[in-house]
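S.K.: Next comes the sequence, and after it the predicted model I'd like to discuss.
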Amino acid sequence: MGTEENRQKFERNLMRVERDGIDRLMEFIRKSDFYTAPASTKYHGAYEGGLLAHSINVYENLHGKKYAAGLWGAELKDVPDESIIVVGLLHDICKTYYYTTEMRNRKIDGRWEQVPFYTVDDKIPYGHGEKSVMMVEEYIKLTPQERYAIRWHMGPYSGMNDWSTYAEAMKKYPLCLATFEADMEATYILER
């Protein structure tokens, strides 16, 4: 799916959220590099529009979990659709204005050539999930389970010192584990 189709899908879903400030959040996203930013420097989605594609993949994975038969359908049945949208689409908003492009020498067909590559330029070093929560809440109010799910979407990759805290967050809000799984499924299966 192309960037324009992804942009339309993203906006169509995010505009289903009926909260004060959603229009200002949408305006921020449209003016930012969210639609053109990569999702990472060299791993998943390391291309223009990768962040947008990844965000949609995570949302669709979460949505699928909520409406699946069995374990996840039962665990997420009381989670509002708005929460699935907000968490899935905005979990990585911290990557807005996060990457820059530099040039690097690379051997291509036996000759050295200058090629662009992505690098990190973190202007707001506030963590990963924490930063996404902070950025979203500049525009809309999050529910406690949305805050937790966005904050903990990296699961155990947030650092060993956080593992017991993450375990408690999963017990309190199963959406935390569902979001981590949806993110990993997008990264390592859909986007490989």
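M.R.: Cool, got the structure. Residues are numbered from 1 along each chain as shown.
S.K.: which SSE is residue 39 in?
M.R.: For residue 39, there is no helix or strand it lies in under DSSP states H and E.
S.K.: whoops, residue 104 was the one
M.R.: Residue 104 belongs to strand 99-108, assigned by DSSP H and E.
S.K.: what's in contact with that strand?
M.R.: 33, 37-38, 41, 112-121 (C-beta atoms under 8 Å, 6 or more residues apart in numbering). Any C-beta I mention is one placed from the backbone N, CA and C, and that applies to glycine too.
S.K.: Reformat those as TSV; add distance to residue 4 and secondary structure.
M.R.: Converted to TSV, these look like this (distance: C-beta to C-beta, whole Å; DSSP: H, G, I helix; E, B strand; the rest coil):
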residue	distance to residue 4	secondary structure
33	16	coil
37	16	coil
38	17	coil
41	24	coil
112	35	strand
113	30	strand
114	29	strand
115	26	strand
116	22	strand
117	25	strand
118	21	strand
119	26	strand
120	27	strand
121	26	coil
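S.K.: In whichever strand or helix holds residue 89, which residues are buried?
M.R.: Assessed by DSSP H and E, residue 89 sits inside helix 81-90. Buried residues in helix 81-90, counted by 16 or more other C-beta atoms under 10 Å: 83-90.
S.K.: Distance check, the residue nearest to residue 39 when sequence neighbours are not counted against residue 51.
M.R.: Of all residues not flanking residue 39 in the chain, residue 45 sits nearest, at 2.8 Å (C-beta to C-beta, 6 or more residues apart in numbering). In this view, residue 45 and residue 51 are 6 Å apart by C-beta to C-beta, to the nearest Å.
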